[in-house]
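>>> Here is my input, please return the structure:
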Amino acid sequence: MLRQPVAVWAIAFACAVSFMGIGLVDPILPAISAELDATPSQTMLLFTSYLLITAVAMFFSGFISSRLGARRTLLIGLALVVTFAALAGASGTVDQIIGFRGGWGLGNALFISTALAAIVGAASGGSRQAVILYESALGVGMAVGPLLGGVLGELSWRGPFFGTAALMAIGFIAIAVMLRPPTTRPEPVSITAGLTALRDPSLRTLALTALFYNYGFFTLLAYSPYPLESAAAAIGLDFGAHELGLVFFGWGVALALSSVLLAPVLTRRFGLRPVLFAMLGLLAVTLAGMGIGVHSVTVLVALVVTAGLFLGVLNTALTETVMVATQLPHGVASATYSGVRFLGGAIAPAVSGSIAAALGASGPYWFGAASLLVSILVLTLGGHTLAHVGRRPHVTAQDEAEAITVGDEV
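Residues are numbered from 1 along each chain as shown. Have a look, this model is predicted:
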């Protein structure tokens with residue numbers, strides 16, 4: 001694995017930084033609220049704009065990369081992330097940050113949708129070792145993002161944005177210098193391929209399941225910093241960006257480890273569908289527990305980290321099911337599935353603040369738990385479309401990485 005070309009290492013580095021961006025802003029949400037005189041509802045829109053644009057872009061990412069090629073798509077995506085992350089850091093209002101996060105989401109969608117194919121294509125000595133390196137970079141990024149956001153956020157809420165821009169600029173230069181242009185043109189993909197894929201009943205069932213599941217996911221991720229800060233303040237604790245970064249670092253580590261190590265074991269032993277039902281149920285119970293213990297720092301911290309275990313398994317199992325339940329090309333199926341599920345992630349931050357104002361601090365968690373129950377209902381009612389999904393079908397190394405990637409990219 002360590003004997004890969006430098007181009008593989010360059011892409012792996014950029015992948016790690018890209019996935020850092022998912023949890024990077026979590027620890028600084030309360031600081032942005034305080035310093036820019038913004039409500040929690042406004043700051044949580046940083047997730048909504050990012051995910052909404054990412055969702056739309058994912059439907060067309062296959063078309064774009066098939067026309068531009070992997071290298072150009074990677075570089076354009078990285079350039080957009082660098083530009084909009086820096087603009088977000090230089091912003092003077094929360095509305096500006098919300099807008100620039102949308103541009104960031106577009107760049108991230110283009111980069112992530114192409115990175116796997118690029119890193120495998122640049123590998124030597126077999127793709128399996130390169131895929132392991134890719135999975136490792138993904139896990140590092142998911143875990144380190146909140147921690148880095150907390151450390152830089154202690155200096156200024158602008159720090160994580162400028163830090164991401166600087167690291168992505170390094171990744172851009174490395175890929176531009178080290179990744180050679182392809183010698184063959186990719187197979188063209190229709191501009192409507194992502195949308196027409198929803199005609200497939202199996203994919204439609206799984207995408208709708210993920211839509212409601214992702215609502216619960218981002219209720220936890222985007223809303224939790226606020227009750228954590230309030231619960232700590234109630235007992236005289238200072239729970240700033242650094243402390244929030246440590247909590248979500250634990251969440252990221254749990255998610256990364258369970259997606260890479262625990263998910264394959266569970267799905268191999270029990271099968272994909274039983275694992276899906278079990279993880280959705282456990283996550284619903286976790287969010288309900290957070291609703292009950294919303295005023296306890298100890299309860300919230302423990303359940304946030306525990307939720308990472310369920311999320312990691314669920315992300316991977318859901319996307320593996322997508323790949324084996326349909327005859328569509330994996331890239332098209334994964335992109336369409338991600339586009340639909342990101343819509344659920346975009347809705348949760350947009351409404352959680354209003355729900356909390358109307359029903360109290362526990363309200364968003366109860367809505368998140370209810371959304372997960374709806375996802376279980378959808379999966380149950382659509383079970384006949386997944387009857388052909390076996391206990392755990394054989395997947396290749398690249399398929400495994402696609403499952404982890406699309407499951408974790410947010």
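
>>> Residue 258 touches residue 307, doesn't it?
No: using C-beta atoms under 8 Å, residue 258 and residue 307 do not qualify as a contacting pair, with a distance of 10.4 Å. To be clear about C-beta, it is placed using only N, CA and C from the backbone, and glycine gets the same treatment.

>>> what about those two, which has more around it?
A direct count of neighbours by other C-beta atoms under 10 Å for residue 258 and residue 307 places residue 307 higher, at 25 against 22.

>>> Give me the spatial nearest neighbour of that one, chain neighbours excluded.
Counting by C-beta to C-beta, 6 or more residues apart in numbering, residue 307 lies nearest to residue 286, which is 4.9 Å off, once chain neighbours are set aside.

>>> and the gap between the one you found and residue 372?
9 Å (C-beta to C-beta, to the nearest Å).

>>> out of those two, which sits in the more crowded spot?
For the pair residue 286 and residue 372, the greater number of neighbours falls to residue 372 (29 against 25), based on other C-beta under 10 Å.

>>> OK, contacts around that one?
212, 213, 216, 280, 281, 283, 284, 287 (C-beta atoms under 8 Å, 6 or more residues apart in numbering).

>>> For the first one, what is the enclosing helix or strand?
It refers to residue 212. Using DSSP states H and E, residue 212 falls within helix 201-218.

>>> List the buried residues for that helix?
202-218 (16 or more other C-beta atoms under 10 Å).

>>> and what of stretch 235-246?
Quick answer for stretch 235-246 (16+ other C-beta under 10 Å): 239, 240, 241, 242, 243, 244, 245, 246.

>>> Go through the residues you listed and flag which are in helices.
241, 242, 243, 244, 245, 246 (DSSP state H).

>>> Relative to residue 233, which of these is nearest.
Of all those, the one with the least separation from residue 233 (C-beta to C-beta) is residue 243, at 11.6 Å.

>>> Could I get the contacting residues of the closest one?
Taking C-beta under 8 Å, 6+ apart, we find residue 243 in contact with 150, 232.

>>> where does this structure have low pLDDT?
For the chain, applying pLDDT under 70 flags the ranges 1-3, 116-117, 120-121, 123-136, 182-186, 330-331, 390-410.

>>> which one in it is furthest away from the centre?
Distance from the centre of the chain peaks at residue 236, with 33.1 Å (C-alpha atoms, centre = their mean).

>>> Assign that one to helix, strand or coil.
Of the three states, residue 236 takes coil under DSSP: H, G, I helix; E, B strand; the rest coil.

>>> Got phi/psi on it?
phi 80, psi 20 (degrees, to the nearest 10).

>>> if I look at it, how far off is residue 230?
12 Å.

>>> and if you look at residue 304?
Using C-beta to C-beta, residue 304 is found at 14 Å from residue 230.

>>> Which parts of the chain are strands?
In the chain, no segments count as strands under DSSP state E.

>>> Quick check, residue 14 in contact with residue 169.
No: using C-beta under 8 Å, residue 14 is not in contact with residue 169, being 10.2 Å away.

>>> out of those two, which sits in the busier spot?
Set residue 14 next to residue 169 and count neighbours by other C-beta under 10 Å: residue 14 wins out with 29 against 18.

>>> which non-adjacent residue is nearest the more buried one?
Nearest one to residue 14, counting by C-beta to C-beta, 6+ apart, is residue 171 at 3.3 Å.
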